[in-house]
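> no FASTA, just this:
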Ligand SMILES: Nc1ncnc2c1ncn2[C@@H]1O[C@H](COP(=O)(O)OP(=O)(O)O)[C@@H](O)[C@H]1O
Ligand SMILES: [Mg+2]
């Protein structure tokens, strides 16, 4: 198949390109950034320039459909936050003869922003840390005692997340009101390791499911090292959520695995980094292509726990960020090159392992560890901004895909 990836900058795009091209598909990608990750792998035949969805989501769609028509793409595969505009305009995509797998916009809107996701999880009884929605500085100060996480409704790769450890920080945050956001989710920290859940649904039916543990954090909350695990309680919860929302396409989540079970802290209405799942025996991208092709998918087998995978790029940047010294970057490199420590029996998720961005990040952080920031900030080109999300919500209300907006209030919790 000719598969056009909605994004070419993110790690998910890079991993999907690897998996799909190995499976024999022809892969191209879209990105506003001509020097994005997918530009440096021969698994992607071409990267096409498009507007960023953060500034112009509908312009992105027009450009994407233009590229798909010219290149006669069979499938436009959502691999990042473009899923939001693709979901809103699904009929335009399929009307253009291009296959895709996206949820209804009304379903997507229930989990796309963190405030809506918090309420949706509560409505369907999924376990999550205690939290509250606040809409004013006074509400924020009254909501909870630190430590807590303050989460803006829209923000990816930890862009809208603040960890508040002391009352003074909370007062500081309240003093900076009003924020861009009209509301904010305040959530108690949960104790335990973070696990990433990945699933694919076809019209509300679970077709593929995988969980991996974040063994080590890279930058932006991402995992530089993962371990595939079994987490039956999470499977049940995700199946409940997907069925209740009639989910179609990929649905991912972050959970904290506490002593009393997994607590959901983040829902991502899209595919996330599929290689650990594939190494565990669960082919998320194949399931997505089946759902795109015929609206259903043969159920994928349950994953075999124990698969270890890593992304050197994130590990190097993470060493520079968390260690902060050149020797931390050198140690990481030594472990990777000698396949020791966290690299023993572990497979690289991105190919080629030493692509130009990896080499550049390594050299830059060896010269100056704070350079990690430059590389970690790069993926923002694919992020949905609050303004872009509002534009999509307004459009959905006009089209009749959403009820006229219910303004978020503190008292309707
Ligand atoms: N309630 C929580 N308890 C513990 N850790 C949390 C909690 N909320 C967020 N985190 C940490 O912050 C990171 C980012 O939060 P998340 O809600 O996943 O936002 P995003 O991935 O959209 O930036 C998580 O990966 C996790 O490490
Ligand atoms: Mg997250």
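Perfect, thanks for sending it. Values in this document were obtained by computation on a predicted structure and should not be read as measured data. Ligands and ions are numbered 1, 2, ... in the order given.

> phi, psi for the closest residue to ligand 1 within the stretch 301-413 of the chain please.
Nearest residue of the stretch 301-413 of the chain to ligand 1 (Cβ to the nearest ligand atom) works out as residue 383 at 9.8 Å. All C-beta atoms are positioned from the backbone trio N, CA, C, and that covers glycine. The phi/psi pair for residue 383 (degrees, to the nearest 10) reads phi -80, psi 140.

> I'd say it and residue 54 touch.
Yes: counting by Cβ atoms under 8 Å, residue 383 does reach residue 54; the two are 5.5 Å apart.

> roughly how far does the residue of the stretch 301-413 of the chain closest to ligand 1 sit from residue 198?
20 Å (Cβ to Cβ, to the nearest Å).

> more neighbours, those two?
residue 198 (25 against 20; other Cβ atoms under 10 Å).

> so the more buried one, which of the three states?
strand (DSSP: H, G, I helix; E, B strand; the rest coil).

> tell me what it is bridged to.
Residues in a beta bridge with residue 198, per DSSP bridges, are residue 210, residue 252.

> smallest gap between the stretch 201-350 of the chain and ligand 1, at which residue?
For the stretch 201-350 of the chain, Cβ to the nearest ligand atom, closest residue to ligand 1: residue 266, 3.2 Å.

> just list whatever residues bridge to that residue.
The partner residues for residue 266, given DSSP bridges, come to residue 254.

> tally of neighbours for it?
If we define neighbours as other Cβ under 10 Å, then residue 266 has 22 of them.

> surely residue 171 and residue 141 touch.
Yes: taking Cβ under 8 Å as the definition, residue 171 is a contact partner of residue 141 at 7.1 Å.

> okay, now the unreliable bits of the stretch 301-413 of the chain?
Within the stretch 301-413 of the chain, the stretches with pLDDT under 70 are 377-380, 405-413.

> how near is residue 74 to ligand 2?
Residue 74 sits at a distance of 31 Å from ligand 2 (criterion: Cβ to the ion, to the nearest Å).

> what's the neighbour count on that residue?
Residue 74 has 19 nearby residues by other Cβ under 10 Å.

> do you have the helices of the stretch 301-413 of the chain handy? List them.
Using DSSP state H, counting those that start in this stretch, the helices of the stretch 301-413 of the chain run over 312-318, 326-338, 356-367, 372-377, 386-399.

> quick one: those helices as a markdown table, columns for mean neighbour count and distance to residue 231 too.
Formatted as a markdown table, the helices of the stretch 301-413 of the chain follow (neighbours: other Cβ atoms under 10 Å; distance: least, Cβ to Cβ, whole Å):
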| stretch | mean neighbour count | distance to residue 231 |
| --- | --- | --- |
| helix 312-318 | 27 | 22 |
| helix 326-338 | 16 | 28 |
| helix 356-367 | 18 | 31 |
| helix 372-377 | 18 | 28 |
| helix 386-399 | 16 | 30 |
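
> mind putting the ones you listed in a markdown table, distance to ligand 1 included?
A markdown table is the format used below for the helices of the stretch 301-413 of the chain (distance: least, Cβ to the nearest ligand atom, whole Å):
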| stretch | distance to ligand 1 |
| --- | --- |
| helix 312-318 | 13 |
| helix 326-338 | 20 |
| helix 356-367 | 21 |
| helix 372-377 | 12 |
| helix 386-399 | 13 |
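
> residues in contact with the closest residue to ligand 2 within the stretch 251-400 of the chain?
Nearest residue of the stretch 251-400 of the chain to ligand 2: residue 266, at 3.6 Å (Cβ to the ion). Applying Cβ atoms under 8 Å, 6 or more residues apart in numbering to residue 266 gives the contacts 114, 117, 253, 254.

> is residue 171 located within a helix, as I assumed?
Yes: according to three-state DSSP, the state of residue 171 is that of a helix.

> and it, what's its pLDDT?
At residue 171, the predicted lDDT confidence score is 92.

> touching the helix or strand residue 29 falls within from outside, list them.
Using DSSP states H and E, the element containing residue 29 is strand 26-31. The contact list for strand 26-31, computed with Cβ under 8 Å, 6+ apart, reads 1-9, 13, 16-17, 20-21, 36, 38-39, 43-50, 60, 63-64, 67, 71, 73, 82, 381-382.

> repeat that for 6 Å
2-6, 8-9, 13, 17, 20-21, 38, 44-48, 50, 64 (Cβ atoms under 6 Å, 6 or more residues apart in numbering).

> swap in stretch 104-122?
87-88, 128, 131, 133, 151, 153-154, 183, 185, 245-246, 264, 267, 269, 396, 401-402.

> out of those residues, which are buried?
The neighbour-count test (16 or more other Cβ atoms under 10 Å) marks 87-88, 128, 131, 133, 151, 153-154, 183, 185, 245, 264, 267, 269, 396, 401-402 as buried among the contacts of stretch 104-122.

> take those and keep only those in strands.
131, 133, 151, 185, 264, 267 (DSSP state E).

> hey, where'd the strands end up in the stretch 151-300 of the chain?
Along the stretch 151-300 of the chain, counting by DSSP state E, counting those that start in this stretch, strands occupy 161-164, 184-187, 194-202, 205-217, 223-229, 249-258, 261-268.

> turn these into TSV, columns for mean pLDDT.
TSV is the format used below for those (pLDDT from 0 to 100):
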stretch	mean pLDDT
strand 161-164	91
strand 184-187	94
strand 194-202	98
strand 205-217	97
strand 223-229	98
strand 249-258	98
strand 261-268	97
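
> tabulate those (TSV), appending distance to residue 368.
Shown next, in TSV, are those (distance: least, Cβ to Cβ, whole Å):
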stretch	distance to residue 368
strand 161-164	26
strand 184-187	35
strand 194-202	29
strand 205-217	21
strand 223-229	20
strand 249-258	31
strand 261-268	32
